[in-house]
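Colleague: Model the following, please.
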Amino acid sequence: MFTLDITTPAPATGTHIGTGIGIGIGIGISTDSGFTTRSLSLVPRSYSLFSPFKAKPDSTDILNSSVFPPLKVTPAYAGYNSYSWHNVQGPYSKTAHSFMAYCNSNSDQTLLFNDWAQLLRVSIGSGDLMLGQAIHAFLAKLGYQNDEFRGNNLVNLYGKLNKLGDAQRVFDEMLVRNIITWTTLIKGYQLVNDVESVFRIAREMYWFEEEFNEHTCSIILQACDSLENLVRGEQLHGFVIKRGFDEDVFVGTSLISMYSTCGDFDAAEEVYSNLDYKDLRCFNLMISEYGKAGCGEKAIGAFLYLLASGLEPNDYTFTNVISACNNVIDVEVVRVLHGICIKRGCGDKISVGNALVSVYIKHGMIEEAEKFFCGMGEKNLFSWTALLSGYVKNGNDKKALKGFSKFLELGIDFDPCSFAVLLDGCSECKNLEWGLQIHGFVIKLGYVHDIRVGTALIDLYAKCRKLQSARLVFGGLLDRNIASFNAILSGFMGADGDNEEDAMILFSQLRLANIKPDSVSFTRFLSLSADQASLVKGKCLHAYIIKTGFEADTSVGNAVITMYAKCGSITDAYQYFNSMNCIDSISWNAMISAYGLHGQGGKALILFEEMKKEEFVLDEITILSVLQACSYSSLWEDGFCLFNDMELKYGMKQKIEHFACMVDLLGRAGFLSEAMNFINKSPFSGSPLLWRTLVHVCKLHGDLNFGRIASKHLLDLAPEEAGSYMLVSNMYAGGGMLNEAARVRTVMNDLKVSKEVGCSWIEIDNKVHEFVASDKGHPESKEIYEKLDLLKSEMIQITEHGSQKNFC
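Modeller: As a prediction, this is how the structure comes out:
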């Protein structure tokens, strides 16, 4: 027999209660010196019933049984062992003490028999494992193996308390199981993110021909929370449709969450659209996902649909829909949402207030954000962080410093997440000065090794072109993750060839550290390969993308298209585009731009028409890509018609980039006079970009008459821009006016305006050769210049004699 003793203040002097039940549980209470000693004695009649984990343990096995964890053992009397509860939690477990007091207060032990399920719920709610184990021992005496209800409750207990080994053993010893048993065990593994065990149990459930219900499918879908498990999720989606569960709102919501988490937002949206009935949880999830995807208008549309459905939005709904209001959404819409929120009784919720502060800051309305912040009845760390981050992003350093000091005066402690948000603000506006101060404060508080703070610091230094500092922070991180790797990768974007090699070394380090790259990693590495026109590296990355299963990711696929296009392989770009299972507007834009880049404007226009037929959403980038394709292929009529249709037919307002593209299109077609008139009549006639474009096309045509006029406008508008002087000087030099070219260079030198030396490179046999103007540093420079002289002489001969001789 085993005795569990508790010493507590006695309820009354002289009280003595002794009860016993046939299954071998005895509870005795006696008083001595004002204290009560309660003992719960478990006397097993059969060892096989006592332990659900072993068939017939000896005395040592019983002491080491997982039913009772190792406790201090004190002898009670000869032939018995006593487990003292004085050494468990504090002086004793409060919940367990409540259980013992409960046992003492019931003279009829049948109450314990009836109320054990409620006590298990108490154990789960309080996280008191020992109480649950005591109830387990009680149920072991009753023989839970043949009772699904008792067994299911024990599996649920250990699953909720993250004791999956015990949950599995209880499950294995159950002689009778039902769908709840299987689903409860699957849920336990899902809670600890053990995906393999989730699918192992699901497969066993299928093999044993157990019926799956909606709840089971929802739980399994929740385990598919990464791109690696997208295929499993898609297979389960097919199973759901086959079983007719696809109309169930709980299953539908889990499918939306699964596809969104795995990066297939189009599939998530399709599931959402196909649901006939949507509850509040489904609407809230979709509004949140629309916000994460930057689809503010769709988030508001879902919110209006929610109201039209007669459902009552809660504070979570308003927090999501307000947070989804990006810069595209008019601020008046935010004010209307704020008014509806107050009317529905959610205006005083702190999460809603924080969302409003953040969205006003996002729209650059600092005064509105300040006003609302001051009016908030309750503020938390996130409220202050949002406001201070807004000050930093908008360059209000004095207000940021004042708010930071006020925050510290209130005695509210910053946490690593708050510092990460502030550093993100510094990174966004490249405010290195403030970032350095925050970095010092972080070191002082000891948060410098925190992965979130470290990642934010790396991102700040990388974006401010302080790669050495970024590497130092990166090297000092004790625990690195994919986010920290991606942050330092941003510093290599647009870097030179040497840094490109370092980036590939970083990629090797990532793999050696067993950190799996994500879609962001691959898009950045592909972008680096594209910028350097390194086709070999790009193809290697493409192969690794296929191997790791990221080929299905749309953003990665779009980066692959751009990489092949910039590396000169337009055939591979189109072949990949044509093979993509899931494409979006960005995919079409990338392919149209690729055709334009390679001078295939006709194919770009055909693709544009196909895009419209497929009913993909056109945006300003789409139109710009088509206009550039028309410009490079001298399709000025098509380009002019498209430009005129932008506002009338497609409802898009022309931006300065579209006007610059039209100037280039007209100029390349030889309509220099029309191009100049177009600039003068445009709303951007005072922009250097349009005049620089006109100077460039005048240089191409060798027309110095219009070139001089355009040059005067350009240098008047951008007198300190080195690139403008270089362009004008090259135009004069190309037209044979060397004195004018020299004069422009002299003015440039007098103003102390300098231009960074440009470079070009070529990849041969997986090695990049880089060159600058008049460069003689290459080991084969002598042979290179000899070949250039030979080509130049042949070109002169062709020009003079009109020969059609082909040369290579």
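Colleague: Can you show me the strands along the stretch 401-550 of the chain?
Modeller: Shown for the stretch 401-550 of the chain, no strands are assigned by DSSP state E, counting those that start in this stretch.
Colleague: All the helices of it, residue numbers only.
Modeller: Counting by DSSP state H, counting those that start in this stretch, one finds helices in the stretch 401-550 of the chain at the ranges 416-428, 432-445, 451-463, 467-476, 482-489, 497-512, 519-531, 535-548.
Colleague: With Glu614 as the reference, name the closest of those.
Modeller: helix 519-531 (23.6 Å; CB to CB). The way it works is simple: take the backbone N, C-alpha and C, and place the C-beta from them, glycine included.
Colleague: Run the angle between the closest one and helix 535-548 for me.
Modeller: Between the axes of helix 519-531 and helix 535-548, defined by axes from the mean of the first three to the mean of the last three CA atoms, to 10 degrees, the angle is 160 degrees.
Colleague: now helix 519-531: how far from the chain's centre is it?
Modeller: Once both centres are worked out by CA atoms, centre = their mean, to the nearest Å, helix 519-531 turns out to sit 17 Å from its chain's centre.
Colleague: what do you get for stretch 625-642?
Modeller: 37 Å.
Colleague: pLDDT on it, on average?
Modeller: Confidence for stretch 625-642, expressed as mean pLDDT, is 91.
Colleague: What is the end-to-end distance of it?
Modeller: 11 Å (CA to CA, to the nearest Å).
Colleague: quick revisit: quick check: which of the helices of the stretch 401-550 of the chain is buried the most?
Modeller: Among the helices of the stretch 401-550 of the chain, helix 451-463 has the highest mean neighbour count (mean count of other CB atoms under 10 Å), at a mean of 26.
Colleague: can you tell me which of the helices of the stretch 401-550 of the chain the model trusts least?
Modeller: Among the helices of the stretch 401-550 of the chain, helix 497-512 scores lowest, with a mean of 69.
Colleague: Return the per-residue confidence for Arg38.
Modeller: Value listed for Arg38 in the pLDDT field: 38.
Colleague: From here on, call the first residue 341.
Modeller: Sure thing, new numbering starts at 341, so read that last one as Arg378.
Colleague: hang on, the earlier thing: so which of the helices of the stretch 741-890 of the chain is nearest Ile946?
Modeller: Using CB to CB, the nearest of the helices of the stretch 741-890 of the chain to Ile946 is helix 859-871, at 24.1 Å.
Colleague: Keeping just the C-alphas, turn that closest one into CSV.
Modeller: The C-alpha trace of helix 859-871 is given here as CSV (Å, rounded to 0.1, in the frame of the first residue of the first chain):
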residue,chain,number,x,y,z
SER,A,859,11.5,31.6,-50.0
VAL,A,860,13.1,35.0,-49.0
SER,A,861,16.6,33.4,-49.1
PHE,A,862,16.1,32.0,-52.5
THR,A,863,14.7,35.2,-54.0
ARG,A,864,17.6,37.2,-52.7
PHE,A,865,20.2,34.7,-53.9
LEU,A,866,18.6,34.6,-57.3
SER,A,867,18.5,38.4,-57.4
LEU,A,868,22.2,38.5,-56.6
SER,A,869,22.9,36.1,-59.5
ALA,A,870,20.7,38.1,-61.8
ASP,A,871,22.4,41.4,-61.0
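Colleague: Does His1109 belong to a helix, a strand or coil?
Modeller: Look at His1109: counting by DSSP: H, G, I helix; E, B strand; the rest coil, its state is strand.
Colleague: Excluding chain neighbours, what is closest to it?
Modeller: Closest residue to His1109 apart from its sequence neighbours, by CB to CB, 6 or more residues apart in numbering: Ile1102 at 5.4 Å.
Colleague: Buried ones in the helix ranked longest in the chain, by neighbour count?
Modeller: The residue-count maximum for a helix in the chain (DSSP state H) belongs to helix 1121-1141. The neighbour-count check on helix 1121-1141 (16 or more other CB atoms under 10 Å) flags nothing as buried.
Colleague: do the same with stretch 699-712
Modeller: Neighbour-count burial for stretch 699-712 [16+ other CB under 10 Å]: 699-703, 705-706, 708-710, 712.
Colleague: tell me the mean pLDDT over that stretch?
Modeller: Computed over stretch 699-712, the average pLDDT equals 85.
Colleague: if we look at that stretch, which residues are touching it?
Modeller: 662-663, 665-667, 671, 674, 693, 696-697, 726-727, 729-731, 733-734, 736, 739 (CB atoms under 8 Å, 6 or more residues apart in numbering).
Colleague: returning to what we had before: what would the buried residues of stretch 699-712 look like in CSV with secondary structure?
Modeller: Output for the buried residues of stretch 699-712, formatted as CSV (three-state DSSP):
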residue, secondary structure
Val699, helix
Tyr700, helix
Ile701, helix
Lys702, helix
His703, coil
Met705, coil
Ile706, helix
Glu708, helix
Ala709, helix
Glu710, helix
Phe712, helix
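Colleague: A helix includes Trp1101, no?
Modeller: No. Counting by three-state DSSP, Trp1101 is not found in a helix; it is strand.
Colleague: Tell me who's in contact with Phe590.
Modeller: So Phe590 contacts 554-555, 558 (CB under 8 Å, 6+ apart).
Colleague: Could you point out the helix or strand that follows whatever helix or strand Ile926 lives in?
Modeller: Secondary structure assignment for Ile926, by DSSP states H and E: helix 925-937. Next helix or strand after helix 925-937 toward the C-terminus (DSSP H and E): helix 941-953.
Colleague: Touching that next one from outside, list them.
Modeller: Identification of contacts with helix 941-953 by CB under 8 Å, 6+ apart yields 925, 928, 931-932, 935-936, 958, 962, 965-966, 969-970, 972-975, 978.
Colleague: let's see 10 Å
Modeller: 910, 914, 917, 923, 925, 927-929, 931-938, 940, 956-958, 962-963, 965-975, 978-979, 982, 990 (CB atoms under 10 Å, 6 or more residues apart in numbering).
Colleague: Just give me the neighbour total for the spatially closest residue to Glu987 that is not a sequence neighbour.
Modeller: Leaving aside its chain neighbours, Glu987 sits nearest to Lys993 (6.1 Å; criterion: CB to CB, 6+ apart). Burial of Lys993, expressed as a neighbour count using other CB atoms under 10 Å, amounts to 8.
Colleague: How about Phe511?
Modeller: 22.
Colleague: what residue ranges in the chain score low on pLDDT?
Modeller: Across the chain, the ranges flagged by pLDDT under 70 are 341-453, 484-485, 667, 834-842, 1093-1098, 1106, 1113-1114, 1139-1148.
Colleague: how about the strands of it, start to end?
Modeller: 342-349, 357-360, 365-372, 375-382, 413-415, 421-424, 1099-1104, 1107-1112 (DSSP state E).
Colleague: For Met1135, see how far away Asn1070 is.
Modeller: To Met1135, Asn1070 is 19 Å away according to CB to CB, to the nearest Å.
Colleague: who wins for proximity to Lys618 among the helices of the stretch 741-890 of the chain?
Modeller: The nearest among the helices of the stretch 741-890 of the chain, by CB to CB, is helix 859-871 at 28.6 Å.
Colleague: Can you check what angle separates the closest one from helix 822-829?
Modeller: 20 degrees.
Colleague: Done for today, thanks.
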